[in-house]
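Colleague: What would the 3D arrangement of this be:
(2 chains)
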Amino acid sequence: MRAYIDRLIAGASEAGVSRWISGAVGGVAILLVFSVMTASMWTNRIASDRTNAERTRTAQGVAEIVAARTDLALRESDIGTVRRQMIDIQAARLVSACHVVLPGVGVIASSDPQKITAMELPESWSGVAATPEPTPGTVRVPFNVPGRGAGFVEIEYEHARGAFASVLARAGIVGLGAIVGVWFVFRRIRGRLAALASIGTALGEVAQGERRAGVLRVADGQGPYADAWNALIGERDEQDRTIAEHQTVVAAMEAPGESGSVVAVCDTLTHGLVVLDASGEVVYVNGAAGVLLGRHREDLAKATTDQVFQDEGVRATIKACLESEMPVRKTIEIARGEAGQDPDAELRLMIRSSETGNDRFAGVLIEDITQQRVADRSRNSFVAQATHELRTPLTNIRLYVEQAVDEGENDPKLRAQALNVINSEARRLERIVADMLSVAEIEAGSLSIRTGDVRTDALFSDLQHDYEAQAAEKTIEMVFDLPPKMPVIRADRDRLGQALHNLVGNALKYTPPGGKVTVRVEAPENSGLIIHVIDTGIGIDPEECGRIFDRFYRANDRRIAHVTGSGLGLALAREIARLHGGDITVESKMDEGSTFTITLPCPEQSSSQRAA
Amino acid sequence: MRIEQHKHGAVTVLRPRGPVTSTEDAERLRGEGFETLGKTLGRFVLDVSDMPFVDSDGLEALVDLTKELNQSGRSLCLCGVGETLREILAVTDVSPLFSLHEDVQGAVRSFL
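Modeller: Numbers count the residues shown, from 1 in each chain, chains lettered A, B, ... in the order given. I've put the predicted structure just below:
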């Protein structure tokens, strides 16, 4: 049977599993047969013993009655009564047979007449009844007839014996049926048993301390149980791997010192941090990375490299980090102008490879460099513009100095004109440098004013004097509309002059030849000073009006592309106005002109506000 | 109350004009704040130099904004904080939640 079972499962199972299964099935079948046989025999034995005991009691009772009656009858030598009694017993079918035996004489009465061996009753016979040992199925009861002799009554009854063969036959049938049943069951569950046996083998190996990866996996093709088991083990292995990677990353990121969790600290960084494992899957991402990448942090967890980063260069670098044996360190700057987001956003990604044991990781530190880039561009623009601004008066000074040296000796008028220009350009140069220094002071937060009494009539007279020549040169009509009585205010004369120079200089610069620049001053009593600088120039785009007071800002207008400027003048003018407790505003219409208005509080207000 | 918006380089400056004294004002402040926050990657400053007072709703809006920024390691940059508003922030013990600057330039410089 075992060989047959082996043959059945040999094709589907590996040798060890087949042996295990055949042994198990054979053992189960034999055990079943023996169990059934033992149970049958035991049951039969109990029933037989009970029946035999009952029959023995009946036979014993009958024998004792027969012996008593026979004793009485033989005393009277009435052998006929004894023999009729045998007939009655036979008729009653209480026992199988009944005999009255006299030692030395023979059977004088029997339920079977043919067994009678002595037809006549002698006068006397042996006095001692030598009762032989009864055999199973017989009961013998002695009697003694006084003066004549002893004898015994033998009763035969059906003894429950000889059923062993039937028991064996029944057990054999049942056992055979059991084997057939087991065989059918085995055929149905053969594959499942093979899978379970393989699983059991694997578990046994684990129990014996085997810790190789994949030891719990069983061979494929062993049915749904094996497939389900392998899938379960696969999921468990995957979870183990994920947990191990997470623990590795966390362990790598957690400093052993007293600083607590580095991960928690990483969550407070303004720089984004993304950590990817060897498969390119995100294993850690902080909140800033979510914001900078425009994604919810939860969505980034377990995401792949391609899902997180769109830039091909970044993807390739991360791939190199995870695959290369050599350390990889690379910094990439990318634009991130997505819909609905800041179109000028720029990010710097610092990508680094890392290795912990056999595991490789890629770390991406993300920095928002948009403001830095804007500042860089503004600074570069300023340097270019400032260089140009400085070069123009320097060039003029050099040219007029040469002219004065070469020709001025013979032509005093020409020399005087050259010196005037040199003087004008030197003052222009001085103002540019002063502006730059002032802006530097604004940046440093150290720009301050030194107030004193300022005669405004003298201030505007000087201003008019400074720009008359320039206005005439550009054929621009310049008008100073001043009240008859100009007040004396408390202010910083130099700073205020600086602000006015910038406003008037801009007005002349952006007004085409033939235009008009008006400086109008209002001095309402006890209400400070209001100064309007009105030009008929090119005007300012309304969208640019809000930004023209920013430092280094120059309007993006092709009409002024050829006009040089540092982008500092208006910023400085506003700062000076505010330091005096006032402000500056602008109203403008494209191609019609602009009006800049400085409001300065009255002297008392100005002083009190500065004190505050 | 109205809210002006302008840019300093890559930094957006929101400048509320007037006190926040009603639920509508607070909701406007919260709405514009969150919208700007989403558009600018958190690069924005709230210039409160013309916002002399906030009620509890307005204060809650400010706290909500800075808590949102906390998720990415930042806090709400406030500049030009007046005396009254400074006292409100101190009394309610929420000053540490904000990044306070004297003026817009200082606040913008913090993004460099």
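Colleague: what's the pLDDT at residue 23?
Modeller: In the absence of a named chain, this looks at chain A. A:Gly23 is assigned 68 on the pLDDT scale.
Colleague: actually chain B
Modeller: pLDDT for B:Thr23: 91.
Colleague: Over to A:Ile530?
Modeller: Predicted confidence (pLDDT) for A:Ile530: 92.
Colleague: contacting residues around it?
Modeller: A:521-524, A:597-600 (C-beta atoms under 8 Å, 6 or more residues apart in numbering or on different chains). Glycine gets a C-beta too; all of them are placed from N, C-alpha and C.
Colleague: Pull up the gap between A:Gln546 and chain B, please.
Modeller: Slight slip there: residue A:546 is Gly, not Gln. 5 Å (C-beta to the nearest C-beta, to the nearest Å).
Colleague: sec struct for the residue most central in space within chain B, please.
Modeller: Centroid-nearest residue in chain B, with C-alpha atoms, centre = their mean: B:Leu46, separated by 3.5 Å. Three-state call for B:Leu46 (DSSP: H, G, I helix; E, B strand; the rest coil): strand.
Colleague: ok, now the one 5 residues further on?
Modeller: B:Met51 carries the three-state label coil when classified by three-state DSSP.
Colleague: ok, how many other residues are close to it?
Modeller: Neighbourhood size, B:Met51 [other C-beta atoms under 10 Å in any protein chain shown]: 27.
Colleague: One more: the one 5 residues further on?
Modeller: Other residues within reach of B:Ser56, judged by other C-beta under 10 Å, total 12.
Colleague: Ok, A:Arg295 next?
Modeller: 15.
Colleague: next one: A:Gly181
Modeller: 12.
Colleague: That one: what's it in contact with?
Modeller: Per C-beta under 8 Å, 6+ apart, neighbours of A:Gly181: none.
Colleague: With B:Gly58 instead?
Modeller: B:20-21, B:25-26, B:29.
Colleague: distance of it from A:Thr51?
Modeller: With distances taken as C-beta to C-beta, to the nearest Å, B:Gly58 is found 106 Å from A:Thr51.
Colleague: Which of the contacts of B:Gly58 fall within strands?
Modeller: Among those, no member is found in strands (DSSP state E).
Colleague: How about the residues of chain B by chain A?
Modeller: With C-beta under 8 Å from any C-beta of the partner chain as the criterion, chain B meets chain A at residues B:6-11, B:38-43, B:70-74, B:102, B:105-106, B:108, B:111-112.
Colleague: Got a ChimeraX select line for the buried ones in those?
Modeller: Buried subset of these, written as a ChimeraX selection, criterion 16 or more other C-beta atoms under 10 Å in any protein chain shown:
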select /B:7,8,9,10,11,39,40,41,42,43,71,72,73,74,105,108,111
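Colleague: Chain B contacts on chain A?
Modeller: A:267-272, A:286-288, A:290-292, A:294, A:297, A:340-342, A:344-345, A:368, A:370-375, A:378, A:442-443, A:445, A:546-547, A:550.
Colleague: Just those residues: which are in helices?
Modeller: Counting by DSSP state H, the part of the residues of chain A next to chain B found in helices is A:287-288, A:290-292, A:297, A:370-375, A:378, A:442-443.
Colleague: Name only those of these that count as buried.
Modeller: A:287-288, A:290-292, A:297, A:370-375, A:378, A:442.
Colleague: hang on, the earlier thing: ok, the contacts of A:Ile530 vs A:Thr536, which is closest?
Modeller: Set against A:Thr536, the nearest of the contacts of A:Ile530 by C-beta to C-beta is A:Thr597 (16.3 Å).
Colleague: Which residue ranges of chain B form strands?
Modeller: B:2-8, B:11-17, B:44-47, B:77-79, B:99-101.
Colleague: ugh, wrong one, the stretch 51-200 of chain A
Modeller: Using DSSP state E, counting those that start in this stretch, the strands assigned to the stretch 51-200 of chain A run over residues A:97-102, A:106-110, A:138-145, A:149-156.
Colleague: so what secondary structure elements neighbour the third one?
Modeller: Secondary-structure packing of strand A:138-145 (3 or more C-beta pairs under 8 Å, 6 or more residues apart in numbering or on different chains; DSSP states H and E): helix A:15-75, strand A:149-156.
Colleague: Kindly report the domain assignment for chain A.
Modeller: Following automatic domain parsing, one finds the domains of chain A at A:1-220, A:253-368, A:383-447, A:448-611.
Colleague: Restricted to helices, list the residues of chain B next to chain A.
Modeller: Counting by DSSP H, these contribute B:38-39, B:70, B:105-106, B:108 to helices.
Colleague: returning to that earlier point: can I get the strands of chain B in a markdown table with mean pLDDT and distance to A:Lys589?
Modeller: Shown next, in a markdown table, are those (pLDDT from 0 to 100; distance: least, C-beta to C-beta, whole Å):
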| stretch | mean pLDDT | distance to A:Lys589 |
| --- | --- | --- |
| strand B:2-8 | 84 | 21 |
| strand B:11-17 | 90 | 24 |
| strand B:44-47 | 92 | 28 |
| strand B:77-79 | 93 | 32 |
| strand B:99-101 | 91 | 36 |
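Colleague: A:Pro487 is nearest to which of those?
Modeller: Short answer: strand B:11-17, nearest of the strands of chain B by C-beta to C-beta, at 31.5 Å.
Colleague: Strand partners (parallel or antiparallel) of the closest one?
Modeller: Note on strand B:11-17: by DSSP bridges, its sheet partners are strand B:2-8 (antiparallel), strand B:44-47 (parallel).
Colleague: Could you check that strand and say which residues are buried?
Modeller: B:11-16.
Colleague: Ok, stretch A:345-360 next?
Modeller: Residues of stretch A:345-360 classed as buried: A:345-349, A:351-354, A:360 (neighbour count, 16+ other C-beta under 10 Å).
Colleague: cool, and stretch A:196-216?
Modeller: If you call a residue buried by 16+ other C-beta under 10 Å, then stretch A:196-216 has these buried ones: A:196-199, A:202, A:216.
Colleague: What's the separation between A:Gly515 and A:Thr395?
Modeller: Distance, A:Gly515 to A:Thr395, using C-beta to C-beta: 26 Å.
Colleague: what about the domains of chain A, which gets the closest to B:Leu65?
Modeller: domain A:253-368 (13.5 Å).
Colleague: Which two of the ones in helices among the residues of chain A next to chain B have the greatest separation?
Modeller: Taking every pair in these and measuring C-beta to C-beta, the maximum separation is 39.5 Å, between A:Arg297 and A:Ile442.
Colleague: thinking again about what came up before, please render the domains of chain A as a markdown table that adds distance to B:Ala90 to the earlier fields.
Modeller: Output for those, formatted as a markdown table (distance: least, C-beta to C-beta, whole Å):
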| stretch | distance to B:Ala90 |
| --- | --- |
| domain A:1-220 | 61 |
| domain A:253-368 | 24 |
| domain A:383-447 | 24 |
| domain A:448-611 | 24 |
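Colleague: about what we covered before: between the ones in helices among the residues of chain B next to chain A, which is nearest chain A?
Modeller: B:Lys39 (5.9 Å; C-beta to the nearest C-beta).
Colleague: Comparing A:Gly515 and A:Thr395, which residue is more hemmed in?
Modeller: A:Gly515 (20 against 11).
Colleague: The more buried one contacts A:Gly539, doesn't it?
Modeller: No. Contact between A:Gly515 and A:Gly539 fails when scored by C-beta atoms under 8 Å: they sit 11.4 Å apart.
Colleague: Identify the contacts common to these two.
Modeller: Counting by C-beta under 8 Å, 6+ apart, the contacts common to A:Gly515 and A:Gly539 are A:Gly593.
Colleague: circling back: the domains of chain A: which one's closest to A:Trp229?
Modeller: Closest among those, once you apply C-beta to C-beta, is domain A:1-220, at 5.5 Å.
Colleague: Report how many residues lie close to A:Pro542.
Modeller: A:Pro542: 10 neighbours (other C-beta under 10 Å).
Colleague: Contacts only, for it.
Modeller: By C-beta under 8 Å, 6+ apart, the residues touching A:Pro542 are A:588, A:590.
Colleague: Same question for A:Ile584.
Modeller: A:499, A:549, A:570, A:573-574, A:577, A:596-599 are the contacts of A:Ile584 under C-beta under 8 Å, 6+ apart.
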